[in-house]
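# Generate a structure from the sequence data that follows.
(2 chains)
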Amino acid sequence: MVTDPVLLQTAADLFPNGISRYAVGGLLVGLGTVLIYIGTGIPAGASTFLESTLSYVSDQSRFQQYVGSRDWRVVFTAGIILGGLAFAATFQSGLVTSSLYEPGTTGQLYEVAGVTLWMTEVQPWRLFLGGILVGIGTRIGKGCTSGHGVCGVGSASKTSLIGVVTFLTVAIGTAQVVAALGVSP
Amino acid sequence: MSDRHPLFKPLIFVGGIVFGFGLGFSHMARPEVVLNFLQFDDFGLPFVMFGAAIVSGVAFALLPRIRDAAPLTGDPYERRLKPFDRNVLVGGAVFGVGWGLSGICPGAAYASLGVGNITILWALAGMFLGAYAQGYWRSRSQARDTAVTGAD
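Numbers count the residues shown, from 1 in each chain, chains lettered A, B, ... in the order given. Predicted structure coming up:
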């Protein structure tokens, strides 16, 4: 096999953490979606949980259309949280290692009851303000990275493809501007 | 809707766990890693999104050929396409600004809580606030539209 050092160097620059953790993680995200779809026929997205859960506490007409799905969406979200915890208790804690998993260097690690947990260093105001816009945007735009990005793109939906291109383009522009303004982390 | 198959919720739960584990494994539960992609420092993110979309895409394409309906709900395996309108662009753009500013999106934010990221509660609070604001506004504008139509 001929290896081109320049090409390898370029690849290493583009993927400082390799690609296996991303690809394997993505396959698992897809697998979770598929498990639910096989059993139920539901292409589950994560952002409807926001509106469906609000239907428990608000009688605004907008939220009432999700009353039928709100219970299982809570179960889905509880599963996602627990899945994150299961990852933390295994790979993040170093209990399980794999050549496919590259640990990260971002944020800060801390330990509770033998489990290595992780916390972001991104500033709370960014998370809160970003969260508000994400909450408004996904609900007006009919989906998020999982609803449009995974289920929508997976079903070759033109609406979802346009949605993904729109939010990816705008997000890249926004992140570039924010970084150029010197906001970090 | 209430008398679903007894395995309906357990399956959703297991699917959620695999989904959340994948988000943890891929580091999408870390806002920093998402921001690194958006700032062109690490191009790993598309492998997550498109890797997942390929897996779901294969299942979405194959299942309707294998059987007609899902065992736990009786729902047909069919494409449920969302209609395209201006909202997809407007909402997508607003979501994009939020995603680019914070590096978080709904699914990854829930998983982030699971990996121990207590700070993400700021983002979750923001998301609920944002979703409530748009729901409040749209409920009111819908009521107004209905009232106008009713008067005609």
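# Show me the helices in the chain, by range?
Since no chain was named, I'll use chain A. A:5-14, A:20-40, A:48-54, A:61-64, A:70-87, A:124-140, A:153-154, A:158-180 (DSSP state H).
# wrong one, I was asking about chain B
Going by DSSP H, chain B shows helices at B:8-25, B:31-38, B:45-66, B:86-102, B:106-114, B:121-151.
# how big is the angle separating the shortest one from helix A:20-40?
Angle of helix B:31-38 versus helix A:20-40, following axes from the mean of the first three to the mean of the last three CA atoms, to 10 degrees, is 100 degrees.
# follow-up on the earlier one: between the helices of chain A, which one is closest to A:V96.
helix A:70-87 (9.6 Å; CB to CB). C-beta here means a position set from N, CA and C on the backbone, and glycine is covered the same way.
# orientation of the closest one relative to helix B:106-114 in degrees?
50 degrees.
# Let's see the lowest-mean-pLDDT helix or strand in chain A as CSV, backbone CA atoms only.
Lowest mean confidence among the helices and strands of chain A (mean pLDDT, DSSP states H and E): helix A:5-14, at a mean of 84. This file holds the C-alpha atoms of helix A:5-14, laid out as CSV (Å, rounded to 0.1, in the frame of the first residue of the first chain):
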residue,chain,number,x,y,z
PRO,A,5,2.5,11.5,4.1
VAL,A,6,1.0,14.8,2.9
LEU,A,7,-2.4,13.2,2.6
LEU,A,8,-2.1,11.5,6.0
GLN,A,9,-1.1,14.8,7.6
THR,A,10,-4.1,16.6,6.1
ALA,A,11,-6.4,13.8,7.3
ALA,A,12,-4.9,14.1,10.8
ASP,A,13,-5.4,17.8,10.8
LEU,A,14,-9.1,17.5,9.8
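# Give the buried residues for it.
Residues of helix A:5-14 classed as buried by neighbour count (16 or more other CB atoms under 10 Å in any protein chain shown): none.
# tell me the contacts of the closest residue to A:F87 other than its chain neighbours?
Setting aside the residues directly before and after it, A:F87 is nearest to B:G24 in space (CB to CB, 6 or more residues apart in numbering or on different chains), at 3.0 Å. Contact analysis of B:G24 by CB atoms under 8 Å, 6 or more residues apart in numbering or on different chains lists A:G25, A:G83, A:G84, A:A86, A:F87, A:A88, A:F91, A:Q92, B:A111, B:G114, B:V115.
# Done for today, thanks.
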